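*Asks:* missing the sequence, but the structure's below:
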């Protein structure tokens, strides 16, 4: 950033007409990880295993002891199955360079303001990793770059098994096309039977373009079905079929198969993820650290790093599928 770079520092330098307060141009960041219950906190090891415990089976019938000598009869073992997922820490870094003149003549506490923006970017990165992580390095196959080898430094390459990859790799997708309210039920129907009725632990995730399409559905906007809280009045969606729905900017538009082309103009289709929230297990090996590296006479580099890892307990311990996705939504 410097005082002469348009859109990269010039606009926040005081002039005769500029007020001290900077215009707030940063959008509200999504916070998916704040609503997921599987947070294991900070200072996790580089790699650790998290147990997954399934359900105990239904009880069997019993009968009264009426004859014979007393003896213990061992019943069938209906105990829960167990499994595990492994959380491995990925490493993330970013740098913002500030010229000395930018610091001298910019708004007061500019360095602090930039640090706040870096923190927001870290939160957004975590959300995006959970959704898009795929470490496939081949020229084809990565859900974020299906027809070109992605850069090894791309954020989504630092972890594997994100929500989109889980759905696509396990063939848990619904071709929605024009999209109607029944598609949401079809997507949910791909989850394990035990999860489908646990509405409080389910969530639909979509993006702004697809959200606009959802708002226009007659079942969503009709006043006689929803009263004063109808979507057409509020301009937002709270629940679909009793399940919370959130819009996230880093759930990308895709091609018809739910994967992204390296050619941006090919990505024109929307998608909707249905997730059983406790399935995502995550934590930090190192919380966010921001260090100021001073370059004498030139300015300062703000270098921020953190380590974050996650895993999705999907089809573990005989519990069934926890992630599904609607794809090929016409926008």
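*Replies:* Perfect, I can see it now. Every value quoted in this text rests on a predicted model; they were computed, and no experiment measured them. Numbering: from 1, shown residues only.
*Asks:* which one's the longest helix in this structure?
*Replies:* Longest helix of the chain, by residue count under DSSP state H: helix 110-132.
*Asks:* after that one comes which helix or strand?
*Replies:* Downstream of helix 110-132, the next assigned helix or strand under DSSP states H and E is helix 163-169.
*Asks:* Which neighbouring elements make contact with that next one?
*Replies:* In terms of contact count using 3 or more C-beta pairs under 8 Å, 6 or more residues apart in numbering; DSSP states H and E, helix 163-169 is assigned the packing partners helix 110-132, strand 270-276, strand 323-329. No exception for glycine: its C-beta is placed from N, CA and C like everyone else's.
*Asks:* ok and the last one relative to strand 270-276, angle-wise?
*Replies:* In this structure, strand 323-329 runs at an angle of 170 degrees to strand 270-276, with axes from the mean of the first three to the mean of the last three C-alpha atoms, to 10 degrees as the basis.
*Asks:* I'd like the distance from strand 323-329 to the chain centre, please.
*Replies:* 14 Å (C-alpha atoms, centre = their mean, to the nearest Å).
*Asks:* picking that back up, mind putting the helices and strands packed on helix 163-169 into JSON lines with distance to residue 258, mean neighbour count and mean pLDDT?
*Replies:* Formatted as JSON lines, the helices and strands packed on helix 163-169 follow (distance: least, C-beta to C-beta, whole Å; neighbours: other C-beta atoms under 10 Å; pLDDT from 0 to 100):
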{"stretch": "helix 110-132", "distance to residue 258": "11", "mean neighbour count": "18", "mean pLDDT": "90"}
{"stretch": "strand 270-276", "distance to residue 258": "6", "mean neighbour count": "26", "mean pLDDT": "97"}
{"stretch": "strand 323-329", "distance to residue 258": "4", "mean neighbour count": "25", "mean pLDDT": "98"}
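*Asks:* Compare these and give me the one nearest residue 81.
*Replies:* Closest approach to residue 81 among the helices and strands packed on helix 163-169 (C-beta to C-beta): strand 270-276, 16.9 Å.
*Asks:* strand partners of that closest one, parallel vs antiparallel please.
*Replies:* If you go by DSSP bridges, strand 270-276 pairs up with strand 202-206 (antiparallel), strand 323-329 (antiparallel).
*Asks:* Now render those strands as CSV, adding distance to residue 46.
*Replies:* Compiled in CSV, the strands paired with strand 270-276 are given as follows (distance: least, C-beta to C-beta, whole Å):
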stretch, distance to residue 46
strand 202-206, 29
strand 323-329, 25
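*Asks:* Could you list which residues are in contact with residue 311?
*Replies:* 50, 85-88, 161, 280-282 (C-beta atoms under 8 Å, 6 or more residues apart in numbering).
*Asks:* Pull out the buried members of the residues you listed.
*Replies:* 50, 85, 87-88, 161, 280-282 (16 or more other C-beta atoms under 10 Å).
*Asks:* Flag the least confident of the residues you listed.
*Replies:* Lowest pLDDT among the buried ones among the contacts of residue 311: residue 50, with 88.
*Asks:* thought that one was touching residue 83?
*Replies:* No: contact between residue 50 and residue 83 fails when scored by C-beta atoms under 8 Å: they sit 9.9 Å apart.
*Asks:* what's the overlap in contacts for these two?
*Replies:* By C-beta under 8 Å, 6+ apart, residue 50 and residue 83 have these common neighbours: residue 313.
*Asks:* Good, wrapping up.
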